[in-house]
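A.B. asks: sharing a model that was predicted from the sequence below.
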Amino acid sequence: MSDHRNYILEALAKARTRSSWNDRLSHWERPPSDNEEAQIQRAANAATALVSASPILTAEGVTIRPQGSYFNNTNVRLEADMDLRVQLPGIYVDYASSVDQAAAYSAEGYSATGRTFTEISTIVRDELAAKCRAKFGADKVSVGGKAVTVEGLSGSRADVDLVPAFHLHWIENNGLGGYHVTKGVAIIAANGAVTENFPDQHHTNGKAKRTRTAHRFKKIVRMAKRLNCELADNNETPKRLPSFLIECLIYCVEDVYFLQPDDDRYDRLLRVLRRARDLLLDPEWHTTATEINEIKFLFHVTQAWTLSDARTFIAAAIARLEA
């Protein structure tokens, strides 16, 4: 019976009219409901209280910072979760290839703490896992290479990811004999691998894009994220594209594509996706494109996605809308 029902739902989804698409997109563009927001906030409050009650985490100088789609107001309904950065006070320093590292390290006044970043991250992750298991139950807690994840309670508390991170200072020559420092965060995985992110720049640039596009940018992002889920659930794409990548692809589309007069949601989403398709086919663009932070390259061997992944999703999304 369920297979027959899924077949009918899939057929109806593929056969949507413009009117039904606009009705659907009107729902998809909305942020989480008040009830979901409350669940997310309860998860954040519980995690913050847990950290505050740990002498080990307090001694490490940990603070809790929001990040991810909830922080950037691009999360979608029915997928309420919370990413929290467990911010450590240490500074991880990285350098552009042209920088004399020893000279920059000395000039900027850095000093070693006697412990490695991997050691500190391991202590913090282990303590987070122990406290979460004691509070929420071992069956609700999983530990990955980077994050501790606490499963939510249906109708009560959202999922939460706790990610230990250090401050990042990215050092470049300033052309005047000194150095320019770009600040971000560095996540040190259990195996020592380093992930460098720039969440403050992402947040600032996303807000500015929202203003420039008459508040349409984040609505389009939510529509595209929900379409991504639907395509994967119906096996029209091999997997869900990372939500972060979808947000970046929509951000890269020029503002004018969001601001055409007298269009509707359907036309607007289709126009933005078609422009994203054209950009992805342009070698000059995709070799230099950056994330929303406008610092990291969007397509790089270190990313968790490929150019082919992005092209596959955009093509499937356009085909679904045009069917």
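C.D. replies: Looks like it came in fine. Numbers count the residues shown, from 1 in each chain.
A.B. asks: so what's the closest residue to Glu151 other than its chain neighbours up against?
C.D. replies: Among residues not flanking Glu151 along the chain, Lys140 sits closest, at 4.5 Å (C-beta to C-beta, 6 or more residues apart in numbering). For every residue, glycine as well, the C-beta is placed using N, CA and C. For Lys140, the contact set (C-beta atoms under 8 Å, 6 or more residues apart in numbering) comprises 132-133, 150-151.
A.B. asks: now the strands for the protein?
C.D. replies: Under the criterion DSSP state E, strands of the chain are mapped to 63-67, 81-95, 141-143, 148-150, 159-173, 179-188, 194-197.
A.B. asks: so which helix or strand of this protein has the lowest pLDDT on average?
C.D. replies: helix 2-14 (a mean of 53; mean pLDDT, DSSP states H and E).
A.B. asks: from what I see, Arg18 and Arg265 are in contact.
C.D. replies: No. Counting by C-beta atoms under 8 Å, Arg18 does not reach Arg265; the two are 9.8 Å apart.
A.B. asks: the two: which has the busier surroundings?
C.D. replies: Taking other C-beta atoms under 10 Å, Arg18 and Arg265 do not tie; Arg265 has more neighbours (20 against 12).
A.B. asks: number of residues surrounding the residue nearest to the more buried one when sequence neighbours are not counted?
C.D. replies: Take Arg265 and drop its neighbours on the chain: the residue closest to it by C-beta to C-beta, 6+ apart is Leu25, 4.0 Å away. As a burial measure, Leu25 scores 22 neighbours (other C-beta under 10 Å).
A.B. asks: can you tell me which residues contact Leu25?
C.D. replies: 223, 265-266, 269 are the contacts of Leu25 under C-beta under 8 Å, 6+ apart.
A.B. asks: touching, Leu162 and Val86? I think so.
C.D. replies: Yes. Leu162 lies in contact with Val86 (C-beta under 8 Å); the separation is 5.4 Å.
A.B. asks: what's the overlap in contacts for these two?
C.D. replies: Leu128.
A.B. asks: coming back round to it: pull the most distant pair out of the contacts of Lys140.
C.D. replies: Using C-beta to C-beta, the contacts of Lys140 reach their maximum pairwise distance at Arg133 and Glu151, which is 11.6 Å.
A.B. asks: mutual contacts of these two, please.
C.D. replies: By C-beta under 8 Å, 6+ apart, the residues touching both Arg133 and Glu151 are 140-141.
A.B. asks: now the helices for the protein?
C.D. replies: 2-14, 18-28, 34-52, 55-59, 68-71, 101-107, 117-136, 199-212, 217-233, 243-252, 265-280, 283-286, 307-322 (DSSP state H).
A.B. asks: so can I have JSON lines of these showing distance to Lys146?
C.D. replies: Below are the helices of the chain laid out as JSON lines (distance: least, C-beta to C-beta, whole Å):
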{"stretch": "helix 2-14", "distance to Lys146": "34"}
{"stretch": "helix 18-28", "distance to Lys146": "29"}
{"stretch": "helix 34-52", "distance to Lys146": "16"}
{"stretch": "helix 55-59", "distance to Lys146": "17"}
{"stretch": "helix 68-71", "distance to Lys146": "13"}
{"stretch": "helix 101-107", "distance to Lys146": "26"}
{"stretch": "helix 117-136", "distance to Lys146": "8"}
{"stretch": "helix 199-212", "distance to Lys146": "14"}
{"stretch": "helix 217-233", "distance to Lys146": "22"}
{"stretch": "helix 243-252", "distance to Lys146": "14"}
{"stretch": "helix 265-280", "distance to Lys146": "28"}
{"stretch": "helix 283-286", "distance to Lys146": "27"}
{"stretch": "helix 307-322", "distance to Lys146": "20"}
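A.B. asks: for the ones you listed, which one sits closest to Gly178?
C.D. replies: It's helix 101-107; of the helices of the chain, that one is closest to Gly178 (C-beta to C-beta) at 7.3 Å.
A.B. asks: buried ones in the closest one, by neighbour count?
C.D. replies: Using 16 or more other C-beta atoms under 10 Å as the test for burial, helix 101-107 gives 104-105.
A.B. asks: which strands and helices lie in contact with that helix?
C.D. replies: strand 81-95 (3 or more C-beta pairs under 8 Å, 6 or more residues apart in numbering; DSSP states H and E).
A.B. asks: can you list the strands that the strand it packs on pairs with?
C.D. replies: Strand pairing for strand 81-95, determined by DSSP bridges: strand 63-67 (antiparallel), strand 159-173 (parallel).
A.B. asks: Arg212 is nearest to which of those strands?
C.D. replies: strand 63-67 (23.0 Å).
A.B. asks: what about that closest one, distance to the chain center?
C.D. replies: Distance, stretch centre to chain centre, for strand 63-67: 14 Å (C-alpha atoms, centre = their mean, to the nearest Å).
A.B. asks: what's the answer for stretch 171-184, then?
C.D. replies: Worked out by C-alpha atoms, centre = their mean, stretch 171-184 lies 27 Å from the chain centre.
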